[in-house]
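>>> Fold the following for me, if possible:
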Amino acid sequence: MTTDAHDSSAPEGVRLQKVLAAAGVASRRVVEQYIVEGRIRVNGQVVTELGRRIDPERDLVDVDGTAVQLDVSKRYVMLNKPTGVVSSMRDESGRPDLRRFTKDYEERLYNVGRLDAETSGLLLLTNDGELAHVLAHPSFGVTKVYIAKVEGSVTAQTISKLTKGIELEDGPIAADKARLLDTSRGSSLVELTLHSGRNRIVRRMMAAVGHPVTELVRRQFGPLHLGTLPAGRTRELSKIELGALLTLARRESGVAEAPGEQESE
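Numbers count the residues shown, from 1 in each chain. A predicted model of the protein is given here:
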């Protein structure tokens with residue numbers, strides 16, 4: 001830590017442009033231009049002085065409204081979890097777990113939330129415990145998009161019922177969005193958008209309307225999209241994806257003050 005010799009009242013810390021350059025936002029010169037243009041905020045306050053120093057471990061910085069991760073030791077990895085793998089770093093029953101996907105990373109990564117063993121799709125792995133706590137907290141309600149292959153021919157009336165709400169044993173539930181993608185040969189593809197973190201919620205909803213799930217994949221988690229990532233493969237989040245995720249988490253972090261059950265689908 002250094003102090004400004006010309007002002008004994010100046011806080012200890014590191015110059016903002018140095019921190020943001022190290023975080024990969026832009027060069028120091030470009031960051032200085034951002035500061036002059038009023039595009040950078042520290043703890044919600046616009047910064048316009050070039051000599052501003054911050055504490056990278058405590059202060060929250062955003063550029064053009066998008067959060068920046070200043071801690072370069074944090075890692076964020078997207079996994080397309082295949083079926084047959086449990087969402088755990090060590091399974092007591094000896095079933096295939098997530099360790100095979102994290103062993104090549106130096107950091108100890110953990111899953112954010114969980115997917116059932118027979119559900120495939122997007123799972124976030126990170127060593128950022130604070131972010132993981134916020135995103136997995138039931139009251140946070142991050143939006144998730146699933147594609148379910150179900151038995152039978154789903155009708156428009158059934159789709160409407162899913163969005164209007166149905167009664168389950170643990171209370172009513174309604175999809176944020178639902179649409180029929182395809183119907184053929186006695187089965188249907190349904191896309192469901194939900195923010196609920198209740199256990200096995202998609203499977204229970206579809207069973208309740210008479211269409212049991214035969215295959216289920218999570219395609220989206222908040223601002224993250226699975227895209228073309230093959231099953232069983234990982235990739236690090238892009239800076240744009242990470243910025244969107246951190247911005248979302250910081251905006252909602254006030255709701256995650258107490259530990260809660262993680263989602264499972």
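
>>> Please list the outside residues in contact with stretch 30-48.
When contacts are defined by Cβ atoms under 8 Å, 6 or more residues apart in numbering, stretch 30-48 is touched by residues 16-17, 20-21, 25-26, 49-50, 52, 54, 59-64. For every residue, glycine as well, the C-beta is placed using N, CA and C.

>>> buried stuff in it?
For stretch 30-48, the neighbour count (16 or more other Cβ atoms under 10 Å) marks Val31, Glu32, Tyr34, Ile35, Arg39, Ile40, Arg41, Val42, Val47 as buried.

>>> List the residue ranges of the chain that fall below the pLDDT cut-off.
Of all residues in the chain, those with pLDDT under 70 make up the ranges 1-11, 253-265.

>>> 50 instead, please
By pLDDT under 50, the weakly predicted segments of the chain are 1-8, 10, 255-262.

>>> re earlier: counting only strands, which of the buried residues of stretch 30-48 make the cut?
The strands, defined by DSSP state E, take in Ile40, Arg41, Val42 from the buried residues of stretch 30-48.

>>> before we move on, back to that, going by distance to His211, which of the buried residues of stretch 30-48 wins?
Comparing these against His211 with Cβ to Cβ places Arg41 closest, at 47.4 Å.

>>> So what pairs up with that closest one in the strands?
Arg41 has these beta-bridge partners by DSSP bridges: Val46, Asp62.

>>> ok, it to Val61 distance?
Distance, Arg41 to Val61, by Cβ to Cβ, to the nearest Å: 7 Å.

>>> I figured Pro82 was touching Gly232, is that so?
Yes: Pro82 is in contact with Gly232 according to Cβ atoms under 8 Å; the separation is 4.7 Å.

>>> wait, Val72 sits on Ala21?
No: applying Cβ under 8 Å as the test, Val72 and Ala21 come out as separate, 11.3 Å apart.

>>> Of those two, give the one with the bigger neighbour count.
A count of neighbours by other Cβ atoms under 10 Å puts Ala21 above the other of Val72 and Ala21, at 17 against 10.

>>> elements contacting whichever strand or helix holds the more buried one?
In this structure, Ala21 sits in helix 16-22 according to DSSP states H and E. Secondary-structure packing of helix 16-22 (3 or more Cβ pairs under 8 Å, 6 or more residues apart in numbering; DSSP states H and E): helix 28-36, strand 40-42, strand 53-54, strand 61-63.

>>> Please tell me how far the longest one is from the chain's geometric centre.
Okay, so that is helix 28-36. 29 Å (Cα atoms, centre = their mean, to the nearest Å).

>>> Select, out of the helices and strands packed on helix 16-22, the one closest to Leu246.
Set against Leu246 and scored by Cβ to Cβ, the helices and strands packed on helix 16-22 come closest in strand 61-63, at 8.5 Å.

>>> And the helices in the protein, which stretches?
Taking DSSP state H to define them, one finds helices in the chain at 16-22, 28-36, 99-102, 129-136, 156-164, 201-208, 239-252.
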